[in-house]
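what's the 3D shape of this:
(one chain, ligands or ions: 1)
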Amino acid sequence: MGDATSIPTSDKALDMLLEGNKRFTTTTPSHPHQDAERRVALGNGQAPFAAVLACADSRVPPEVLFDSGLGDLFVVRVAGNIINDQLLGSLEYAAAHLHTPLIMVMGHTKCGAIGAVASGAELAGHIASLAPAIQPAVDKVKGQAGDLTDNAAKEVARMTADGLRTSQPILADLVKAGKLKVVPAFYDLESGVIELL
Ligand SMILES: [Zn+2]
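Here you go, the predicted model:
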């Protein structure tokens, strides 16, 4: 893990995420950067090595499953890990102002939000506002072998990552300049393992 101010390359940042996930699933998590020393060091600013767009689901907290701590990850969460203007603005802030070199869009197995849209269920209240971003992914994977919800969740992650990679202004320019990578990934709730898509 880097210190509070150094910025790794995009590829190194991805390695750091995957190494953290490996510690989480296969060895003993080291729970880095969760002490008073780190808190104090971060009082002068932050330089998170990766941003993660993840679902709000209580079973998928990025800081835990990447075995990370304070100041390591810039985390944006919303049911179904979709994107809207506020979330996009948050990620633009991380990439442009904090110089975070990597954005991971992380879907997961058994996603309730995506499952609800895939089932065609009537969504009450503002839950319905999640559907328009999820429906195109459901439509795209319909008829494919395997679990519809999981297939759709992978597709949401891919579509969202594509959308971020080409997002104007800011993100697309950073990608073009080689300063930012956007990667879709999929997390298995039971094994705890992250798969790059
Ligand atoms: Zn979910």
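
mind listing the helices in this protein by residue range?
10-26, 36-41, 62-65, 85-97, 112-118, 131-141, 148-165, 171-176 (DSSP state H).

helices or strands next to the first one in the packing?
For helix 10-26, the helices and strands in contact under the criterion 3 or more Cβ pairs under 8 Å, 6 or more residues apart in numbering; DSSP states H and E are strand 50-54, helix 62-65, strand 102-108, strand 181-187, strand 194-196. (Each C-beta comes from the backbone N, C-alpha and C, glycine too.)

let's go with 10 Å and repeat that
Judged by 3 or more Cβ pairs under 10 Å, 6 or more residues apart in numbering; DSSP states H and E, helix 10-26 is in contact with strand 50-54, helix 62-65, strand 73-77, strand 102-108, strand 181-187, strand 194-196.

Tell me which residues touch the closest residue to Leu174 other than its chain neighbours, please.
The shortest distance from Leu174 to any non-neighbouring residue, by Cβ to Cβ, 6 or more residues apart in numbering, is to Leu180 (3.9 Å). If you count contacts by Cβ atoms under 10 Å, 6 or more residues apart in numbering, Leu180 has them with 10, 13, 51, 91, 94-96, 99-103, 164-165, 170-174.

quick one on the thing from earlier: would you reformat the helices of the chain as JSON lines and include mean pLDDT, mean neighbour count and distance to Leu189?
Below are the helices of the chain laid out as JSON lines (pLDDT from 0 to 100; neighbours: other Cβ atoms under 10 Å; distance: least, Cβ to Cβ, whole Å):
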{"stretch": "helix 10-26", "mean pLDDT": "97", "mean neighbour count": "18", "distance to Leu189": "12"}
{"stretch": "helix 36-41", "mean pLDDT": "95", "mean neighbour count": "12", "distance to Leu189": "28"}
{"stretch": "helix 62-65", "mean pLDDT": "98", "mean neighbour count": "20", "distance to Leu189": "10"}
{"stretch": "helix 85-97", "mean pLDDT": "98", "mean neighbour count": "16", "distance to Leu189": "22"}
{"stretch": "helix 112-118", "mean pLDDT": "97", "mean neighbour count": "22", "distance to Leu189": "11"}
{"stretch": "helix 131-141", "mean pLDDT": "97", "mean neighbour count": "18", "distance to Leu189": "18"}
{"stretch": "helix 148-165", "mean pLDDT": "98", "mean neighbour count": "22", "distance to Leu189": "10"}
{"stretch": "helix 171-176", "mean pLDDT": "98", "mean neighbour count": "17", "distance to Leu189": "29"}
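
Please identify the residues of this protein in proximity to the ion?
When proximity is defined as Cβ under 5 Å from the ion, the chain approaches the ion at Cys55, Asp57, Cys111.

Format the helices of the chain as TSV; extra columns: distance to Val75.
Shown next, in TSV, are these (distance: least, Cβ to Cβ, whole Å):
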stretch	distance to Val75
helix 10-26	12
helix 36-41	16
helix 62-65	5
helix 85-97	10
helix 112-118	17
helix 131-141	19
helix 148-165	15
helix 171-176	17
